[in-house]
Each structure stands twice: as structure tokens, then as C-alpha cells.
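Participant: With the sequence up front, the predicted model follows.
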Amino acid sequence: AQRVTQPEKLLSVFKGAPVELKCNYSYSGSPELFWYVQYSRQRLQLLLRHISRESIKGFTADLNKGETSFHLKKPFAQEEDSAMYYCALFAGGTSYGKLTFGQGTILTVHP
Amino acid sequence: GAVVSQHPSRVICKSGTSVKIECRSLDFQATTMFWYRQFPKQSLMLMATSNEGSKATYEQGVEKDKFLINHASLTLSTLTVTSAHPEDSSFYICSASTSGGAETQYFGPGTRLLVL
């Protein structure tokens, strides 16, 4: 069975500081990893996915299969980045797959 | 585009009653809908997956007779919590997908259920 672990429940940084949200996974197949974000009083939304190797709102994440990690990074945090972040693994390969979420990390960026 | 709504946004009910939560895809047709449960400051736990016109697939440990899911059309899925108990109090979130893939999964705003 797949599992996603986010070791930090809370993470606080100051504006302009680098931030890294950790995510580790276990899955026997070839994983598809995602980061989702939930801003205060808003719904969950997709932030980025490892397949596209894109940078969204300054965030990047690299899939490291050797370390089974998919850490989310941003070199200069902004106050508007404060939110709940979920790492998720998609186990597909069937007509429909399912997302397994980590426990989430609450990021607070102080002015 | 790709908006998913849930109704009601919050509901309070008495123990023993049943509660129905609706999930609608407003501007697209969702072949697959997912129902999640989220405890305070914890992760989303997938409860079940449903495809339009077929029976839902429940995750291990989720009672299908307690959490009835109906995916009657390509834009509507309902979750009915039958004979609700206080331990069913939670935040229920649905998502809708055009293909079942993660990148096409759009989330609703959630429904807060409180069972007294």
C-alpha cells in the first residue's frame, strides 16, 4: 500500500527566507507525486506535479526516487504563501486511480 | 472553469438521523467522483470512488451501508450518512474528475457535519 509522510505539521519562516516542506513516500510502483495547497477558507487546489517539472508561484519540487522524496521548495517565501500544504501520491494504472495524501504542513510566513 | 460545489456547506443533525451531502460539477461532466473525510488539522482520507451509473468502490474500513454514495449523473454525486452518530462528525470533501487522473481532479469546498 502507498503511504505519504510529511514530517512537519507546522513550519514557520520569515518573509524572504527560503522554505522547504518535506515529503517522503512509499509505493511499489512508479509514483506520480503532487503538491496541493489550501489557503485559509478556500478549497484544496493543485499546486504542482512532478511530471510537468514546472515552477508555480516560485515553488519547485523534484522527485528523488533514490530517497523516495518530493520536497517542496521556494527560495524566498512570501506572506501570501501561508497555507496548508499537502503532498499526495497518485496510484494510477487503472481506469481510475486514487490520491493518497500526507498529513499536511501548515506553513506560516511572518512579515 | 472546473468548479465543484457542495451542499450544504455545514449541517448539524441529531444522532440517529440521516444526512445527505451533494457534490456537483458545475461546468464539466465528471466521470469519476471521490469522497474524502478530513479530521481537524489532519489529512484527507479517501472514503470511496464512484463512477457515474455504477456502484461506488469503498476504501478498506469504510462502511458502505453507513455511507451511501449515489452517482446518478455526470454532474451529481451524493453521500448519505445514515443513522449518524457523533463520531461521524467531520469535514467531508468531494472531488470530481473528467478522467480519474489526479491532474483533472477538482475539489469541492467541503461540508462540515456535526452530529449532536
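Facilitator: Received the coordinates, thanks.

Participant: from the chain's centre, how far out does the lowest-mean-pLDDT helix or strand in chain A sit?
Facilitator: Across the helices and strands of chain A, the lowest-confidence element by mean pLDDT, DSSP states H and E is strand A:98-101, at a mean of 88. Relative to the mean C-alpha coordinate of its chain, strand A:98-101 is positioned 12 Å out (C-alpha atoms, centre = their mean, to the nearest Å).

Participant: Counting by contacts, list what that strand packs against.
Facilitator: Where contact means 3 or more C-beta pairs under 8 Å, 6 or more residues apart in numbering or on different chains; DSSP states H and E, strand A:98-101 is packed against strand A:3-5, strand A:83-91, strand B:44-51. Bear in mind the C-beta positions are built from the backbone N, C-alpha and C, glycine included.

Participant: ok, now with 6 Å
Facilitator: On a contact count with 3 or more C-beta pairs under 6 Å, 6 or more residues apart in numbering or on different chains; DSSP states H and E, strand A:98-101 meets strand A:83-91.

Participant: Indicate whether the strand it packs on makes contact with chain B.
Facilitator: Yes. Judged by C-beta under 6 Å from any C-beta of the partner chain, strand A:83-91 comes into contact with chain B at residue A:90.

Participant: Give me the contact list for that strand.
Facilitator: Outside strand A:83-91, the residues within contact range by C-beta atoms under 6 Å, 6 or more residues apart in numbering or on different chains are A:2, A:4, A:6, A:21, A:23, A:25, A:27, A:31-39, A:97-102, A:104-107, B:102.

Participant: could you pull out the strands for chain A?
Facilitator: Applying DSSP state E to chain A gives strands spanning A:3-5, A:10-14, A:19-21, A:24-26, A:32-38, A:45-49, A:60-61, A:72-74, A:83-91, A:98-101, A:105-110.

Participant: just chain B next, same as before
Facilitator: For chain B, strands defined by DSSP E occupy the ranges B:4-7, B:10-13, B:19-25, B:32-38, B:44-51, B:57-58, B:67-73, B:76-81, B:90-97, B:105-107, B:111-115.

Participant: Any residue of the fourth one touching chain A?
Facilitator: Yes. Using C-beta under 6 Å from any C-beta, strand B:32-38 comes into contact with chain A via residue B:32.

Participant: contacting residues around the closest residue to residue A:80 other than its chain neighbours?
Facilitator: Nearest residue to residue A:80 in three dimensions, chain neighbours excluded: residue A:109, at 7.8 Å (C-beta to C-beta, 6 or more residues apart in numbering or on different chains). Contacts of residue A:109 were listed using C-beta under 6 Å, 6+ apart, and they are A:13, A:15, A:77, A:79, A:81, A:82.
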